[in-house]
Structures are given as structure tokens and as C-alpha cells.
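> Have a look at this prediction, sequence included:
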Amino acid sequence: MRYVLTMLLALLMCQPMVLCAQGKWMLSDVEGVEYVKLSDVWRFYRFTPKTGRPGCVSYGSGKHVVSLKEGQQDFYVNNYRYVLSHPVREVGGELMISSVDMRKLVDPVLRPRFSPQNRLRTVVLDPGHGGHDAGAVSAYAKEKDLNLAVARKLGRMLENQGYRVVMTRDGDYFLTLQQRVAIANSVPDSVFVSIHHNSGRRAASGIETFTLAPQGTTSPFARSHRFDELAGNNQDSENIALATAVHSRAILGSGAVDRGIQRARFSVLCTIKRPAILFEGGFVSNPEECRKMATSSYQNMLAHSICQGIVAYNNTVCKPTRKVASATSEAGRVRTSISGARVGSSSRKK
Ligand SMILES: [Zn+2]
């Protein structure tokens, strides 16, 4: 059992109401999805109303401010954007959040736990595409080249920090997704960071980070919603912690539009046995953004931000030494936030 809420909500699956230290948690079925009242959630975390994002309901404590809106899947923690698996709902005048989002996103982000994983020694870097597969292409750059350039710079920075780096490819050649996953799964005590750049409408811009959709949830990119496509993996908590650590620092470092931490069942994320993210560093299809992305200075900044995120993830979440364990306020809990510091409201647009 990884979370307090896992046990709590597992119990809730069997009975409509249980008692916890802070009060009653009621599960409600909203169109086939289990939801909990946000008033119970605020009470559980001892959150009080805060000034947050305009138009949103915001609650928080000294360390975190969260903002959300009825009918939407956007969920902000310290102004970093996450995309919920299910929208926030209002039922009988009460705002509700799905129990799977509580267990797999909200709680591991607000109260990260130490991973059972040993301290990281190795980082597997996966520059997307290569060879005949150029990925997104514009007049300014090919995605495969941007991915490799950022990965190489990041690899050197991680080595300078004492990490071993394994590149799934270190040249302009093609690898299948299965070959990339096989390399990642052969390396113990590692994380997997797949580096891509995006394509979309000409005006689309910004950074987004994907982690595997948790078990039982659908992915916005799934071709069908068959149950066998709803499997997750055992690293949900580590996946979201790694995504938070890397994404928050990349947004802070770049000032780019925050497109959020999102869920997907991309092939490369589905069968990975290590904590894994797929990072999208900006839009090749946006001429202004791509011009920047093609510069060495922008690539250095991105690589540096991702490196800081990986180091922060390792230092705060991976298996604690005695010294780290004694610094927790609650057994197994990480005391510090895993996102780059930024509490409170921001005028930055989504
Ligand atoms: Zn790509």
C-alpha cells in the first residue's frame, strides 16, 4: 500500500462511507466514476481558501496552493498545470474530484512518498525518432535533430553530476519503440526520459510532459476504451513525481507556455518497468518557437532544467538514507515539495 488514501479509498469501494482522522469521506458515483467531495479533501490537507488563479476555486496551505474549476480537467498546484483523468464535477452544490485523481495525482504530488527504488545511478535518455523517421519538420529544424541535441547536452550534464547515462540512440538512426523500451528495462536503478518536440497548429506553443495514464483510466489518445488498454504500471507515484520535478523546472527555466503534465498510453510508456516520462520541449510547427529551439543556448537551458529535475527527483524521492529518513515529518513521507518553488498566484497565462 503506497498511499494512506489507497487504503482509505479501497475501503470506500466496499462501503459508501468510512471515517478517517479528519472526518467522513463519502464516495459518490457520478456517471460510473467514483468521486469524493472537495470539502473533505480540503479538510484532510488542512487547506483554507486562498487567492489563486482567476476564475478558479483555490485552496492551500503555506507550501501548496491548488486551483481548479468545475467541469474542467485542469488542476494547478503552485500554478503548474496538471490534466486530471476526469473533470471536476459539481453535484448538489458540492465540488467533487474523482477518487483515481486523488490517489494517483493529487496525493502523490501534495504528499510525495519515498520510492522503494534505490538511489538512481543511471539515467536512460531516449531522443525520439531518428534515421528515416524525422518526427516533426519545419524550415528551421527537424525534430529528430533537436531531440538528439538536447539529449546529448543533458547526458553530459548528468555525467558531470556523477550519473551514468545510457542513450537509446546516439546518432541519426532509427530504433523501434520496442528497442527503446528493451534498453530501458535492461538498466536497473534508473529512470527513463524520452525527449521529443511537438507538432500542432502554427500558433500552438509550449512545453508538456507525459506520464503513463494510471490503471483504470482512459487516455485522451487511446484509440479505443477496451479494458485491456486501461492497465497501468507499478510506478504511478514515481512517474508523477518525476514528471513534476522535470516539468516544473523546465517551465521555470524557459518561461514557455505550460501545457501541463498529461496522461497518455504512448507505446514507449506502456511497458516500461522504470519511472518514465515523455518530455515535449516545444513546437517545431511554431516558427517563432522553433527558431529558438534550434539555438544551442535554448537547448542548454532545456537540458539544464531537465537535469535539475532529475537530480531533485533522486534527492527527494528515491530510497532515503538514514539522514534523509530522519528529516521527514511522517514516516515514509517527503517533507519538501518536489516541484520548483512557486507558491501562490501568477499572472502567467496558460
Ligand atoms: Zn516526437
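Nice, thanks for sending it over. This structure is a prediction, so every number in the text was calculated from the model and none was measured.
> Is whatever residue of the stretch 51-200 of the chain ends up closest to the ion bridged to anything, and to what?
Of all residues in the stretch 51-200 of the chain, residue 196 sits closest to the ion, at 3.5 Å by CB to the ion. Every residue, glycine included, has its C-beta placed from N, CA and C. Using DSSP bridges, the bridge partners assigned to residue 196 are residue 280.
> Contacts only, for it.
Contact analysis of residue 196 by CB atoms under 8 Å, 6 or more residues apart in numbering lists 128-129, 135, 143, 147, 278-281.
> Can I get those in a markdown table including neighbour count and distance to the ion?
As requested, these are exported to a markdown table (neighbours: other CB atoms under 10 Å; distance: CB to the ion, whole Å):
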| residue | neighbour count | distance to the ion |
| --- | --- | --- |
| 128 | 26 | 4 |
| 129 | 22 | 6 |
| 135 | 20 | 4 |
| 143 | 29 | 5 |
| 147 | 25 | 7 |
| 278 | 22 | 8 |
| 279 | 26 | 10 |
| 280 | 23 | 7 |
| 281 | 28 | 10 |
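> nearest to residue 120, of the residues you listed?
residue 279 (16.6 Å; CB to CB).
> Surely that closest one touches residue 250?
Yes: Residue 279 lies in contact with residue 250 (CB atoms under 8 Å); the separation is 7.2 Å.
> residues shared between the contacts of those two?
Contact criterion CB under 8 Å, 6+ apart; residues shared by residue 279 and residue 250: 207, 209, 306.
> so who does the first one touch?
Right, residue 207. For residue 207, the contacting residues are 247, 250-251, 254, 256-259, 279-282, by CB under 8 Å, 6+ apart.
> same check, this time on the last one
Contacts were defined as CB under 8 Å, 6+ apart; by that measure residue 306 touches 150, 154, 193, 195, 246, 249-250, 279.
> surely residue 152 meets residue 170?
Yes: shown here, residue 152 and residue 170 form a contact pair, counting by CB under 8 Å, at 7.3 Å.
> what is the mean pLDDT for the longest helix belonging to the chain?
What stands out as the longest helix in the chain, according to DSSP state H, is helix 296-317. With pLDDT averaged residue by residue, helix 296-317 scores 96.
> Could you tell me how far it lies from the centre of the chain?
Taking CA atoms, centre = their mean, to the nearest Å, one finds the center of helix 296-317 at 14 Å from the center of the full chain.
> Give me the buried positions along that helix.
Within helix 296-317, the residues that count as buried by 16 or more other CB atoms under 10 Å are 298-299, 301-317.
> Let me know the pLDDT of residue 63.
According to the prediction, residue 63 has pLDDT 88.
> Look at it and give its secondary structure.
Classification of residue 63 by DSSP: H, G, I helix; E, B strand; the rest coil places it in coil.
> Spatially nearest residue to it, not counting backbone neighbours?
Leaving aside its chain neighbours, residue 63 sits nearest to residue 337 (5.9 Å; criterion: CB to CB, 6 or more residues apart in numbering).
> pretty sure the one you found is touching residue 78, no?
Yes: contact criterion CB under 8 Å: residue 337 and residue 78 qualify, at 7.4 Å.
> who touches both of those two?
Both residue 337 and residue 78 are in contact with residue 64, where contact means CB under 8 Å, 6+ apart.
> List the buried residues in stretch 265-277.
265-266, 268-277.
> again with stretch 71-90
Going by neighbour count (16+ other CB under 10 Å), the buried part of stretch 71-90 is 73-89.
> which one of the contacts of residue 306 is nearest residue 101?
Once CB to CB is applied, the member of the contacts of residue 306 that ends up nearest residue 101 is residue 246, at 20.5 Å.
> how deep is that closest one tucked in, by neighbour count?
Neighbour count for residue 246, taken as other CB atoms under 10 Å: 28.
> That one and residue 193 touch, don't they?
Yes: counting by CB under 8 Å, residue 246 does reach residue 193; the two are 7.2 Å apart.
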